[in-house]
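Enquirer: Sequence and computational prediction follow.
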Amino acid sequence: MSRIHPTAVVESGAQVDESAEIGPYAVVGANVTIGARTKVGSHSVLEGHTTIGEDNSIGHYAIVGGRPQDMKYRGEPTRLVIGNRNTIREFTSIHTGTVQDTGVTIVGDDNWIMSYVHVGHDCRLGNNVIMSSNAQLAGHVIVDDFAIVGGMTGVHQFVRIGAHSMVGGASALVQDVPPFVVAAGNKAVPHGVNVEGLRRRGFSPDAISALRSAYRTLYKNGLSLEEAKVQLAELAQAGGDGDEHVQALLAFVEQSQRGIIR
């Protein structure tokens, strides 16, 4: 029995695994590849040079692989690559990349992307990311592993959201959010360490304590950014469970292109 609904349109050239399911009135373009056991909801459009892995769930009316919303785009064959076990809910839009960047938008594994989310061109989502309903990513945004983006949050292009961070709902984000940090507001400002999230993911009390010390160094001790970097480097060599996490925080700050929220 076919797993492709008779009203669905699957263009010649599309590669659809025999175990994948395509719902009523869905459209699958000629350059789309769909992996095993992936389910595509009714009325969704999968287009562009798009590769979708295994065990994904794509909701109704989603637009996956659409043309970049970039006025410089001239129809180049840029790509979208989606990993495995992602949930992409109804009315979400995810666009392909542009040649002004790497030419590919990437969504990793095990992400939970709720309804009406937009992931713009050249974005990179890691693994285990949660994006709540109506969160909007402009082009070239990076969201690292285990980050949470609250509903109705707008993220400026080229911003990076660090691992294990959390951005509160209805925030406006124009600079980078360091890993492990809670941010919220318009414009978003830091509100402490994501302690509850870290506990749920098995961070030790010592590691969380070290990150709290690092947060105070970065945000509460009245230090300039350069002074804070020096002290963070010292904290990262304390010899405890938190050393690698503080080092990751420091590396993020040093690599930031747009500057971190302060």
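Expert: Arrived safely, thanks for sending.
Enquirer: Quick one: residues contacting R89.
Expert: Neighbour list for R89: 59, 62, 113-115, 117, 133 [criterion: C-beta atoms under 8 Å, 6 or more residues apart in numbering]. Backbone N, C-alpha and C define where each C-beta goes, glycine included.
Enquirer: Quickly note the distance from V129 to G41.
Expert: Distance, V129 to G41, using C-beta to C-beta, to the nearest Å: 20 Å.
Enquirer: And for V99?
Expert: V99 is 31 Å from G41, by C-beta to C-beta.
Enquirer: neighbour count winner among the two?
Expert: Legend: neighbour count by other C-beta atoms under 10 Å for V99 and G41, higher for G41 (20 against 15).
Enquirer: so the more buried one sits right up against I22, yeah?
Expert: No - G41 sits out of contact with I22 when judged by C-beta atoms under 8 Å, with a separation of 9.2 Å.
Enquirer: Just the helices from the protein, written as ranges.
Expert: Secondary structure of the chain by DSSP state H: the helices cover 195-200, 205-215, 225-235, 243-255.
Enquirer: Please name whichever of the ones you listed is nearest to K72.
Expert: Of all the helices of the chain, it is helix 243-255 that lies closest to K72, at 25.9 Å by C-beta to C-beta.
Enquirer: Now do G120 against G169, distance only.
Expert: According to C-beta to C-beta, G120 stands 19 Å off from G169.
Enquirer: Same question for I52.
Expert: Relative to G169, and taking C-beta to C-beta, I52 is found at 28 Å.
Enquirer: Of the two, which one has the most company?
Expert: It is I52, of I52 and G169, that has more neighbours when counted by other C-beta under 10 Å, with 27 against 14.
Enquirer: mind showing which ranges of the chain have poor pLDDT?
Expert: By pLDDT under 70, the weakly predicted segments of the chain are 1-2.
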